[in-house]
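Q: Everything below, folded, please.
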Amino acid sequence: MTLRVFTALALLAPSLALAAPKKVRAPVVPAAPAAPAAPVTPPPDPEAWRATPPGPGAARAWSAPRPETFTLSNGIPVVFVRNEGLPLVEVQLLLAAGRESNPAGRPGLASLTASLLVEGTTTRTGAEIAATASGLGATLSSGSGEELSWVSLSALTRNLGPSLDLMADSVLRPRFAKEDVQRVRKQVLASIQASRAQPRTVARLTFARELFGANHPYGLPSAGTTESVGGLLPRHAKGFHRAWWHAGNATFVVAGNVPRDTLQSALEARFGGWRRGRTARQEVVVPAAPTGPRVVFVEQPGAVQSVLRIGTLGPSRPDPAWMPANVAGTLVAGMFSSRVNMNLREEHGWSYGAFGGFSENRDIGTFAVGAEVQADQTAPAVREVLKELSAAAGRAPTPEELDRTRDYLLKSLPGNFETNGGAVGSYQAMPQFGFGADVWDRYTAETTAVDAAAAQAAAARWFDPARLVIVVVGPRTVEVDDGTGGKRAVDVIGELKALGMPFAEG
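A: Below is the predicted model:
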């Protein structure tokens with residue numbers, strides 16, 4: 001192409017561009033909105049059922065196993081619960097002789113005498129008794145408490161006969177050798193000495209002394225005192241055994257897998273010739289009730305907690321007043337959800353737990369609330385316990401509280417009969433309190449019959465502040481953080497006195 005032609009074409013280019021038809025753009029049509037995505041359903045959680053606790057099942061009717069009763073030829077009553085489970089038998093010989101039977105000036109003699117029964121007989125030493133029991137797969141023990149003394153035997157059914165031989169030898173032919181008495185007496189004295197460093201024990205013993213008096217059988221320790229035990233001799237134990245350990249003062253309570261006829265024959269062969277003595281259980285004098293509240297303080301230097309024991313005298317177990325009192329006491333202090341525990345533990349955080357209730361005694365009962373609290377909160381804790389007791393006396397429990405309390409008392413009963421030992425312990429109530437074989441059926445019916453009005457009336461009677469003794473075992477003063485990194489002293493004694501009640505140091 002020549003330069004001229006190229007130049008001409010270059011000059012024509014704008015014209016040609018203007019003459020070319022324009023391209024028409026298609027209109028832009030907006031895209032249709034996308035359809036929303038379908039929701040994705042997560043797979044079911046196989047553990048979701050754990051979030052909902054299962055509801056309670058239907059209540060089942062339950063009644064305690066009814067014991068059989070029979071009598072040996074010399075008049076010893078036998079209470080027998082047949083349990084066809086494991087091939088075991090539990091035999092307990094109960095004597096109506098506890099610390100109330102101690103001679104004047106010799107507290108601890110009943111306990112020492114009972115302990116010595118398994119320490120040697122006229123035919124076996126204590127070591128031989130232990131070795132024979134071990135070889136038979138049996139255990140043999142003895143002891144004494146407030147109202148009873150006992151010898152307990154746990155044996156294999158197939159070895160019941162020779163195991164009972166061992167029990168009978170201990171009961172009927174103890175030797176009370178001088179060396180045995182000295183050894184056991186030394187052990188008791190060491191235990192008494194050690195108990196003085198145990199705040200709970202100190203509180204319990206101080207509480208009993210304040211309620212009953214220093215010369216009342218129940219105001220003295222079952223184990224005795226350092227002075228009384230130190231003076232006990234073999235002749236004292238022999239005399240106590242001769243007076244109190246006899247067939248007329250005894251009852252057998254037995255549970256286990258053995259036919260009744262076999263048991264009766266075995267007991268008759270070994271105890272049927274046991275003589276009947278003249279001494280019978282002694283009635284205990286009921287002391288006068290406190291006439292005004294008082295605080296008794298026992299110092300425990302260096303303690304970071306104070307032990308509280310607050311209570312008064314109560315009804316005996318056979319007294320018809322005991323059942324509504326038991327419901328009221330359980331509601332206030334006898335279970336984890338009780339008012340006192342919820343107050344001191346859950347609301348204030350001063351204690352790991354506070355529990356109490358009415359005792360089960362033949363002649364005189366007690367009511368007590370016990371707790372271990374932060375030492376710096378001693379007086380406030382006492383105030384809160386008194387507040388809860390006053391509130392229980394002043395208003396009836398709610399239906400929910402009453403139902404929860406009765407459920408606690410009744411629905412725990414079956415567990416008491418799961419073992420032979422539990423059944424034996426449960427039916428001690430027959431010889432101890434004079435109850436019949438229907439004792440636990442009656443317990444169920446009488447507990448169910450306690451309504452809100454009866455519970456409040458019992459609380460008004462037994463929780464009266466004027467009747468209360470308040471025992472505190474703890475430090476006189478305690479240091480706590482002052483919130484600024486320093487320390488401040490809390491005057492425990494001063495705060496207790498500020499409660500406005502008579503104060504004494506025990």
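Q: show me where the stretch 1-150 of the chain has strands.
A: 68-71, 77-82, 88-95, 139-144, 149-156 (DSSP state E, counting those that start in this stretch).
Q: got a list of contacts for the regular element (helix or strand) spanning residue 386?
A: Element membership for residue 386 (DSSP states H and E) is helix 378-394. Contact with helix 378-394 is made by 295, 306, 308, 310, 328, 331-333, 339-340, 343-344, 348, 350-351, 354, 369, 371, 373-374, 456, 459-460, 463-465, 468, 470, 472, 474, 492, 495-496, 498-499, as judged by C-beta atoms under 8 Å, 6 or more residues apart in numbering. No exception for glycine: its C-beta is placed from N, CA and C like everyone else's.
Q: now that helix: how far from the chain's centre is it?
A: 22 Å (C-alpha atoms, centre = their mean, to the nearest Å).
Q: For the next helix or strand after it, list every residue counted as buried.
A: Proceeding N to C from helix 378-394, the next assigned helix or strand is helix 399-411, under DSSP H and E. Within helix 399-411, the residues that count as buried by 16 or more other C-beta atoms under 10 Å are 401-402, 404-406, 408-409.
Q: Report the inter-axis angle for the helix holding residue 386 versus helix 399-411.
A: 100 degrees (axes from the mean of the first three to the mean of the last three C-alpha atoms, to 10 degrees).
Q: tell me which residues of helix 378-394 are tucked away?
A: Within helix 378-394, the residues that count as buried by 16+ other C-beta under 10 Å are 378-382, 384-386, 388-389, 392-393.
Q: Any chance of those in TSV with distance to residue 99 as columns?
A: Below are the buried residues of helix 378-394 laid out as TSV (distance: C-beta to C-beta, whole Å):
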residue	distance to residue 99
378	31
379	34
380	36
381	31
382	30
384	34
385	29
386	31
388	32
389	29
392	32
393	32
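Q: in the protein, what spans have low per-residue confidence?
A: Scanning the chain for pLDDT under 70 picks out the ranges 1-37.
Q: Just the helices from the stretch 51-200 of the chain, written as ranges.
A: Using DSSP state H, counting those that start in this stretch, the helices of the stretch 51-200 of the chain run over 109-116, 126-136, 160-172, 178-195, 199-212.
Q: try the stretch 351-500 of the chain
A: 378-394, 399-411, 420-426, 429-433, 439-449, 452-462, 492-497.
Q: so which of those gets nearest residue 258?
A: helix 420-426 (10.3 Å; C-beta to C-beta).
Q: quick one: the closest one to chain centroid distance?
A: Here the centre of helix 420-426 is set off from its chain's centre by 16 Å, with C-alpha atoms, centre = their mean.
Q: Kindly report the same for stretch 243-262.
A: The answer for stretch 243-262 is 27 Å, by C-alpha atoms, centre = their mean.
Q: likewise stretch 472-491?
A: 31 Å.
Q: Please spell out which residues along that stretch are buried.
A: 472-476, 478, 490.
Q: out of the helices of the stretch 51-200 of the chain, deepest packed?
A: Mean neighbours per residue, mean count of other C-beta atoms under 10 Å, is largest over the helices of the stretch 51-200 of the chain for helix 109-116, with a mean of 26.
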